[in-house]
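Novice: test case, fold it:
(chains A, B, C and D)
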Number of protein chains: 2
Amino acid sequence: MGVPMAPETRLRPHGAGKQQLHATALRLFAHTGVAGTTMQAIADEMGVTKAALFYHYKSKDDLVLGVVAPIFEKLAAVLTKAEFRRGRQAQLNEILTGCVDLVLEFRSQYAVLMNDPYVSRLLARHEERPGWESRVGSFIVRVASDPADRIPLMVFIGGLASPLGDPAVAALDDAVLREQFLDSGRRLLQIRRRSAGESTTA
Amino acid sequence: MGVPMAPETRLRPHGAGKQQLHATALRLFAHTGVAGTTMQAIADEMGVTKAALFYHYKSKDDLVLGVVAPIFEKLAAVLTKAEFRRGRQAQLNEILTGCVDLVLEFRSQYAVLMNDPYVSRLLARHEERPGWESRVGSFIVRVASDPADRIPLMVFIGGLASPLGDPAVAALDDAVLREQFLDSGRRLLQIRRRSAGESTTA
DNA sequence: GTCTATAGAACGATAGAC
DNA sequence: GTCTATCGTTCTATAGAC
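Specialist: This next block holds a predicted model:
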């Protein structure tokens, strides 16, 4: 899904911090893909030269990791928290609320982490990292050992990234978005509205 | 689909046709992304040289178009068919069944068409093409003029690509997959099971 | 229809001046 | 902390032999 180019968050050539670099890189990653975004393009967008970027990050992979690391860590936390829930309903609910919060907080970072092959391969290459894909994958397998049962969950986790690609949707209030996402997830995963406790039907 | 298959589809360096080229390119596109897949990599995978690829396609963009064109055309047909339905329920149902059929028939092509930024930009650049994104986008707007109402539909259309990334899911029978996808979509979009008629609640 | 060889541009990344 | 300049590699794409 395409992403609306932001109205140009240009910054002064000198004195730019990692904040703006992250934001600019993320915007281009979401728009052109990580592999399709060159260091030159990021530098041009910021009004600096390529060499300035390599002062802050020793490689492109390093920059990509810097951009996706925050949401990666939080996703891992959501999975861990869900692991400790007893019962399928409670685990699904934890995933539901956790992922919705993640999407709202990180927006396009969610799509980049979930959909961009460059990121998947980069994280898998770093063996220190647990490899988020196998992490998410093995979690899903535990929640739904039968492959057919995984489908709604995977549709939801993957589908969450799409709506925010629509500018009109992205402009909605967080409260409205949260309610819509949660409702969609509850219907898809067939979750009762208040199932926070540990008692489940399973 | 009346595709003229050569009686002997051998995979050795010489004699490989566009069939194998499409299949090989698609596999790499799905795995590494279009921007991250070089002509060299495709050639290596097929056991031929780069130059051989440029005999069949005059450019990389041309190859990409060749790979995604079939599903692109069919997606456009699904949208057109849905446009002629009267009532929101009937339109949603048409989209639901059409997209599910598309995913099952084209598999990873669906994910590449929907998720890869290279493809979106390529199709948008060709003004002869309607631009599939604006096409899908404007259709969604017609079905759900309120942005908040679009969310479930976009979650579904975008989310359909995810489950088939799991090998265990991809190995399931088409019939099982179809049933799971349709059930997921009906719950998400709140579609009655037999809503083929034109009467709706709206 | 595939090969070898290569052109010309763009890539990630580095060195050294300021 | 950013610059200019450049290195070595890889990219898409082409030319010409077979």
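Novice: all contacts plus neighbour counts: C-alpha atoms, from now on.
Specialist: OK.
Novice: now name the helix or strand holding the residue nearest the centre of chain A.
Specialist: Centroid check for chain A by Cα atoms, centre = their mean gives A:Tyr110 as the closest residue, at 1.8 Å. Assigned by DSSP states H and E, A:Tyr110 belongs to helix A:108-115.
Novice: just checking, what packs against the helix or strand following that helix?
Specialist: The helix or strand immediately downstream of helix A:108-115 is helix A:117-125, counting by DSSP H and E. Where contact means 3 or more Cα pairs under 8 Å, 6 or more residues apart in numbering or on different chains; DSSP states H and E, helix A:117-125 is packed against helix A:108-115, helix A:132-143, helix B:18-32.
Novice: mind redoing it with 10 Å?
Specialist: For helix A:117-125, the elements it packs on are helix A:60-83, helix A:108-115, helix A:132-143, helix B:18-32, judged by 3 or more Cα pairs under 10 Å, 6 or more residues apart in numbering or on different chains; DSSP states H and E.
Novice: can you give me the buried ones in it?
Specialist: Using 16 or more other Cα atoms under 10 Å in any protein chain shown as the test for burial, helix A:117-125 gives A:117-120, A:122-124.
Novice: any stretches of chain A with poor pLDDT?
Specialist: Low-confidence segments of chain A (pLDDT under 70): A:1-16, A:127-130, A:194-202.
Novice: find the nearest non-adjacent residue to the residue in chain A that chain B sits nearest to, please.
Specialist: Relative to chain B, the nearest point of chain A is A:Gly159 (3.5 Å; Cα to the nearest Cα). Excluding its sequence neighbours, the residue lying closest to A:Gly159 (Cα to Cα, 6 or more residues apart in numbering or on different chains) is B:Gly159, at 3.5 Å.
Novice: next up, the contacts around that neighbour.
Specialist: A:151-162, B:111, B:114, B:153 (Cα atoms under 10 Å, 6 or more residues apart in numbering or on different chains).
Novice: break chain A into its domains for me.
Specialist: Listed domain ranges for chain A are A:18-56, A:67-189 (source: automatic domain parsing).
Novice: any chance of those domains in a markdown table, with distance to DNA strand C too?
Specialist: As requested, the domains of chain A are exported to a markdown table (distance: least, Cα to the nearest atom of the strand, whole Å):
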| stretch | distance to DNA strand C |
| --- | --- |
| domain A:18-56 | 4 |
| domain A:67-189 | 12 |
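Novice: out of those domains, which is closest to DNA strand D?
Specialist: Taking Cα to the nearest atom of the strand, domain A:18-56 is the member of the domains of chain A nearest to DNA strand D, at 3.6 Å.
Novice: what about the closest one, distance to the chain center?
Specialist: Centroid displacement of domain A:18-56 relative to its chain, using Cα atoms, centre = their mean, to the nearest Å, is 19 Å.
Novice: now do stretch A:152-161
Specialist: Distance, centroid of stretch A:152-161 to centroid of chain: 12 Å (Cα atoms, centre = their mean).
Novice: repeat for stretch A:161-178
Specialist: 14 Å.
Novice: so for that stretch, what gets flagged as buried?
Specialist: For stretch A:161-178, burial by neighbour count (16+ other Cα under 10 Å) applies to A:161-166, A:169-170, A:177-178.
Novice: end-to-end on that stretch?
Specialist: 13 Å (Cα to Cα, to the nearest Å).
Novice: likewise for stretch A:81-96?
Specialist: End-to-end distance (Cα to Cα), stretch A:81-96: 12 Å.
Novice: list the buried residues for that stretch?
Specialist: Across stretch A:81-96, burial judged by 16+ other Cα under 10 Å covers A:82-83, A:85, A:87-96.
Novice: same list, those residues, but only the ones touching chain B.
Specialist: Among those, proximity to chain B is found for none (Cα under 10 Å from any Cα of the partner chain).
Novice: mind listing what A:Gln109 touches?
Specialist: A:Gln109 makes contacts with A:23, A:26-27, A:29-30, A:67-72, A:102-103, A:115, A:161, as judged by Cα under 10 Å, 6+ apart.
Novice: from those, list the buried ones, please.
Specialist: For those, buried by 16+ other Cα under 10 Å: A:26-27, A:29-30, A:67-68, A:71-72, A:102-103, A:115, A:161.
Novice: what subset of these is also close to chain B?
Specialist: Answer for those near chain B (Cα under 10 Å from any Cα): A:29-30, A:115, A:161.
Novice: closest to A:Leu53 out of those residues?
Specialist: Closest approach between these and A:Leu53, by Cα to Cα: A:Phe29, at 15.4 Å.
Novice: the closest one contacts A:Ile42, doesn't it?
Specialist: Yes. If you go by Cα atoms under 10 Å, A:Phe29 and A:Ile42 touch, sitting 9.5 Å apart.
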